[in-house]
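**Student:** only the shape, not the letters, is given here:
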């Protein structure tokens, strides 16, 4: 842990931004921009960060941020990369920053196109599992069983959370990884790994949202940690769409799933059936990942 | 002069190649596909000099252009009809973003139902988005206009749409003077507009503003676009010096003693131009610049020539309101002391204007039997 | 709002001024506060030292800061580092990971720093008052240190020729090098404390003599009168009391201690005597007799284990009955089996034993010499501390009484009511309460050679140990860093409370109003 004053200078976000107290997304962007450094250009699509980025004449991020419309993140980011190259700025990293809506739903097409073209950008999805900027409406990143303002009590989100990592892996991109804010070292390491690879890179960051999840602002890191230790949000990397690697964190206990859910009012009154379905989903996804990792090991060793 | 026997689409592609762009975002749609294919063939020959990106939708095509232009690159894309409609949000955005993007739109009907014929409703329904719109009547004009569009948009930092009719212009061939690249470079050099995205700088570009700020930004955009008239004239003087051709925001032929003129844009204007000897003493106002709308120029022309009747050819129809060119004209003439009668001939669906149809319309107008709104296939 | 940013650009929205002009701290209605909680080490320390606080200072390489914190309760870290039995380490929460923090080692390091960086106190004239201290042991020296620092003129009267009390005269050199106390004495001298040696209360001066000259008197004459075993043969040659023996060892003036040595007693003095005897050239073996069990020994168990390892023969449940004398010199000692039963000592007359020996050392405890005190006319003027006043007889306890007396004297003479001790919790932070998940992966690294790295192993336990977790997890960057310390920046803190939840040491609390 470094102990010098220059710590604050290394940060790429400014104090005074308008994120909610305890905002996971603020931390995610803080870590990822810090890991990349100042030579960075961000294409930012409609999401909470569109507001957190501040209102001109003010700015929250210390690098250029190009706001763009909701569905366009993948395409504007691609164009930005080409444009910077045309002007000789090859060293400026282009990061596309989108929420779960701008990645899983309305932005899926443009992201898929950019991934298929293997555009040289890092696409970062900061995922708070609903359309939070507009007041907590369902997205395809909302987990099964959660309540939102478009699926209010007694309704709940039907349908599993989209497995965006599988989708990105099937594009065969050079690098995809999951991360979350309770493990900043892991997150920054993955960002740095991504920064040094050419081609389309995808990072999926889970960001707890206190107002949206119905949690205490003080519990954001605790929840993010529980998401990992309960197995609900595994941390792993996929290279070239075919080599899967789990980043093992000690103490993954499936029994913690209930602890994870019980702190979130969006899962309030979740009944036993729904809990069972969620647990099965978590277990199934883990088995899938372990199997994928095993196959990747086998393939590596066959070389 | 060095002539090539090319189609309107090929002319557009050649112009883009001569200008020298950094990025072409390509998505196919009839009837513009040949534009992107021709550019691809240049890329294959190594003579394009730009990144040719096959995107996955028209929206992404314009979004890709947006991102590149923000970094200071010169860009191009082409679309039509449904593609243009699909990118509607992005079209607004590019104007507000003050980006010098040039896009060709080849007119085609928008469904439902499917129809490939050239209706101008697609480009006209984007008239409120803050793009300049220049209409072309032939392949040479397409070539020249694309060149001029880059100068115009980079000068005013507003995007510009170059529009021409599908099939009538895109797929017909004529002899087009295609100047050498060096000559074109005299007219327009490499992109010199300031990049919005500058590395290692704290910039919050297009961040959220209040209504007050938006009001001011719209005002500035409007004022900027109103400079297009003067700018276009300057550009065409230079163009004339170099290439011996020029265009005006409107071009008119009004014979002495004329009481009636036809106002048209696009291919139909060329048709009427051809028929001028036959329809004497009816004149022609060819509308080239639609946005900004040259109301002042048109009013002066009508007043100076004491025109009593204007027949507007509308290859479009804004359902519930009528032909769009006619409406725009009426709005533009509102403050004239003595306003001419305005007759709106609707040729929506790309209906061909032949000699007979024009004659019938002129007859009805002359004898006072014309309705103010006439439908091209119901006029008989 | 004026459109400053778009005046120079071709009319699009663009911001370039940092958003930090907005003080988001104003949005807050609850505030996190750094606390100084109670750690197990601090709870167990006889001096009540803020141990995690000075460990944090050492970690940050702020030795001056560490000295300042430590000297508030302990002015002689070099001394305590050597001789304190370190109750602080027994419940150290770090034990649950690898090994307790080497607090005594770090105290010695601070002591070394203090010596190397010592500057004499810049004493203000005139002195605020005059105080006499009788007895130059840890209690007396501690009282002198605090009063001297507060601006008083100190005179310390000492019966012997040495300064240091039991540490100088009674603690063996293998436990406490000679120069430690000598250096402390030198520093006190240079700070302006006067010493009058070879001057015994009762013999060379009385309390009356002191009254007239000094505003206050602090008595710390210790307990030097050895308790007798009260068994036959105790007066023979070869039988001596522990403190006298140890004093002779320290002065290299031991005479006639040879052959088989038997030590009677179970306290620290007994163990010290046994281990010291073992080091004498003429001694062939050492046996220690204690009348109760090993677990009941008042001596520090680590010392007992060390004695055993060195070869001292330990015999428990043995109550001496008689010392057999041959030609005036002790030659053997008879004992009976004894044990504790319901707090009483039960001696079994039938089970006996005997040990041949040449020397017997009795370590049965010491009493103060009350007769030296004389008659005290005005009790309010005299305070007392250290072994004289009973209670736990160890060096840190003595130092504590000296400080308490100094504070009382200052309070009396200056009319200020004593500062209320900081209100801290009554319950020490347990290992389970710490939030170690937030501290990341804690290496099971064990003891570190480098003092800063060793201090870094401290978990804080209720006090900030500058780990920086609050800085890492603050979404608003509302934590300032300076010289390795972390302080909350209330200009920007929105009161989310992540820092409070995540602080590994539990050194933050939420205060004020309603939570979200």
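**Tutor:** Perfect, I can see it now. Computed from a predicted structure; not experimentally measured. Residues are numbered from 1 along each chain as shown, chains lettered A, B, ... in the order given.
**Student:** quick check: pLDDT value at residue B:219.
**Tutor:** Note for residue B:219: predicted pLDDT of 94.
**Student:** find the centremost residue of chain B, please.
**Tutor:** residue B:134 (2.7 Å; C-alpha atoms, centre = their mean).
**Student:** and what of chain A?
**Tutor:** Geometric centre of chain A, nearest residue: residue A:205, 2.3 Å, by C-alpha atoms, centre = their mean.
**Student:** please, which helix or strand holds that residue?
**Tutor:** Assigned by DSSP states H and E, residue A:205 belongs to strand A:201-206.
**Student:** so how far is that strand off the chain centroid?
**Tutor:** Distance of strand A:201-206 from the chain centroid (C-alpha atoms, centre = their mean, to the nearest Å) equals 4 Å.
**Student:** over to stretch C:225-240?
**Tutor:** 33 Å.
**Student:** one more: stretch C:456-464?
**Tutor:** The answer for stretch C:456-464 is 19 Å, by C-alpha atoms, centre = their mean.
**Student:** ok, stretch B:42-61 next?
**Tutor:** Centroid separation for stretch B:42-61 versus its chain: 22 Å, with C-alpha atoms, centre = their mean.
**Student:** what do you get for stretch A:198-207?
**Tutor:** Worked out by C-alpha atoms, centre = their mean, stretch A:198-207 lies 7 Å from the chain centre.
**Student:** do it and chain C meet?
**Tutor:** No. Figure legend: stretch A:198-207 not in contact with chain C (C-beta under 8 Å from any C-beta of the partner chain); closest approach 10.0 Å. C-betas here are computed from N, CA, C, even on glycine.
**Student:** not counting sequence-adjacent ones, nearest residue to the residue of chain B most remote from its centre?
**Tutor:** What lies farthest from the middle of chain B is residue B:200; by C-alpha atoms, centre = their mean that is 38.0 Å. Among residues not flanking residue B:200 along the chain, residue A:38 sits closest, at 5.6 Å (C-beta to C-beta, 6 or more residues apart in numbering or on different chains).
**Student:** assign the one you found to helix, strand or coil.
**Tutor:** Under DSSP: H, G, I helix; E, B strand; the rest coil, the three-state class of residue A:38 is coil.
**Student:** what's the burial count for it?
**Tutor:** 16 (other C-beta atoms under 10 Å in any protein chain shown).
**Student:** same question for the one 10 residues further on.
**Tutor:** Per other C-beta under 10 Å, the neighbour tally for residue A:48 reads 25.
**Student:** which residues touch it?
**Tutor:** Residue A:48 sits next to A:19, A:23, A:25, A:99, A:128, A:132-133 when contact means C-beta atoms under 8 Å, 6 or more residues apart in numbering or on different chains.
**Student:** and the residue nearest to it when sequence neighbours are not counted, helix, strand or coil?
**Tutor:** Closest residue in space to residue A:48, ignoring its immediate chain neighbours: residue A:133 at 4.5 Å, by C-beta to C-beta, 6+ apart. Recorded secondary structure, residue A:133: coil (three-state DSSP).
**Student:** residues contacting residue A:133?
**Tutor:** Residue A:133 is in contact with A:46-48, A:50-51, A:99, counting by C-beta under 8 Å, 6+ apart.
**Student:** kindly reformat these as TSV containing distance to residue A:298 and pLDDT.
**Tutor:** Output for the contacts of residue A:133, formatted as TSV (distance: C-beta to C-beta, whole Å; pLDDT from 0 to 100):
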residue	distance to residue A:298	pLDDT
A:46	43	97
A:47	39	97
A:48	42	97
A:50	44	97
A:51	47	97
A:99	37	97
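**Student:** quick check: the farthest pair among the residues you listed?
**Tutor:** The span of those, defined through C-beta to C-beta, is set by A:51 and A:99 at 11.3 Å.
**Student:** correct me, but residue C:233 touches residue C:331?
**Tutor:** No. Counting by C-beta atoms under 8 Å, residue C:331 is not a contact partner of residue C:233; they are 9.3 Å apart.
**Student:** which residues are in contact with both of the two?
**Tutor:** By C-beta under 8 Å, 6+ apart, residue C:233 and residue C:331 have these common neighbours: C:324-325.
**Student:** returning to what we had before: the host helix or strand of the residue nearest to the centre of chain B close to chain C?
**Tutor:** Here residue B:134, judged by DSSP H and E, is contained in strand B:132-135. No. Counting by C-beta under 8 Å from any C-beta, chain C has no neighbours in strand B:132-135; the shortest distance is 14.9 Å.
**Student:** check what pLDDT the residue nearest to residue A:48 gets.
**Tutor:** As predicted, residue A:133 sits at a pLDDT of 94.
**Student:** count the residues that sit near the residue of the stretch 201-303 of chain A found nearest chain C.
**Tutor:** Nearest to chain C, among the residues of the stretch 201-303 of chain A, is residue A:218, at 3.0 Å (C-beta to the nearest C-beta). Residue neighbour count, defined by other C-beta under 10 Å, stands at 23 for residue A:218.
**Student:** how about the closest residue to it other than its chain neighbours, what does it touch?
**Tutor:** Nearest residue to residue A:218, sequence neighbours excluded (C-beta to C-beta, 6+ apart): residue C:497, at 3.0 Å. If a contact means C-beta under 8 Å, 6+ apart, then residue C:497 has A:21-22, A:216-218, C:30, C:32, C:510, C:515 as its contacts.
**Student:** residue A:51 and residue A:99 - which one has more neighbours?
**Tutor:** Ranked by neighbour count (other C-beta under 10 Å), residue A:51 and residue A:99 place residue A:99 first, with 31 against 16.
**Student:** could you find the closest non-adjacent residue to that one?
**Tutor:** Per C-beta to C-beta, 6+ apart, closest to residue A:99 is residue A:47, 3.3 Å.
**Student:** could you check how far that neighbour is from residue A:103?
**Tutor:** Look at residue A:47 and residue A:103: by C-beta to C-beta, to the nearest Å, they are 9 Å apart.
**Student:** pick out whichever of these two has more residues nearby.
**Tutor:** residue A:103 (32 against 27).
**Student:** got the buried residues for stretch C:55-66?
**Tutor:** Across stretch C:55-66, burial judged by 16 or more other C-beta atoms under 10 Å in any protein chain shown covers C:55-60, C:62-63, C:65-66.
**Student:** do it and chain A meet?
**Tutor:** Yes. For stretch C:55-66, a contact with chain A is found by C-beta under 8 Å from any C-beta, at residue C:60.
**Student:** so what would you say the end-to-end distance of that stretch is?
**Tutor:** Stretch C:55-66 has its terminal residues 7 Å apart, counting by C-alpha to C-alpha, to the nearest Å.
**Student:** could you give the average pLDDT over it?
**Tutor:** For stretch C:55-66, mean pLDDT rounds to 95.
**Student:** so which residues make contact with that stretch?
**Tutor:** A:3, C:54, C:68-69, C:101, C:103, C:106, C:109-110, C:113, C:117, C:451-452, C:455-456, C:458, C:460, C:463-466, C:483-485.
**Student:** filter these down to the ones in helices?
**Tutor:** Judged by DSSP state H, these include C:54, C:68-69, C:103, C:106, C:109-110, C:113, C:451-452, C:455-456 as members of helices.
**Student:** tell me the buried residues within the residues you listed.
**Tutor:** For the ones in helices among the contacts of stretch C:55-66, buried by 16+ other C-beta under 10 Å: C:54, C:69, C:103, C:106, C:109-110, C:113, C:451, C:455-456.
**Student:** tell me which of these has the lowest pLDDT.
**Tutor:** Lowest pLDDT within these is found at residue C:456 (91).
**Student:** contacts only, for that residue.
**Tutor:** Residues in contact with residue C:456 (C-beta under 8 Å, 6+ apart) are C:59, C:448.
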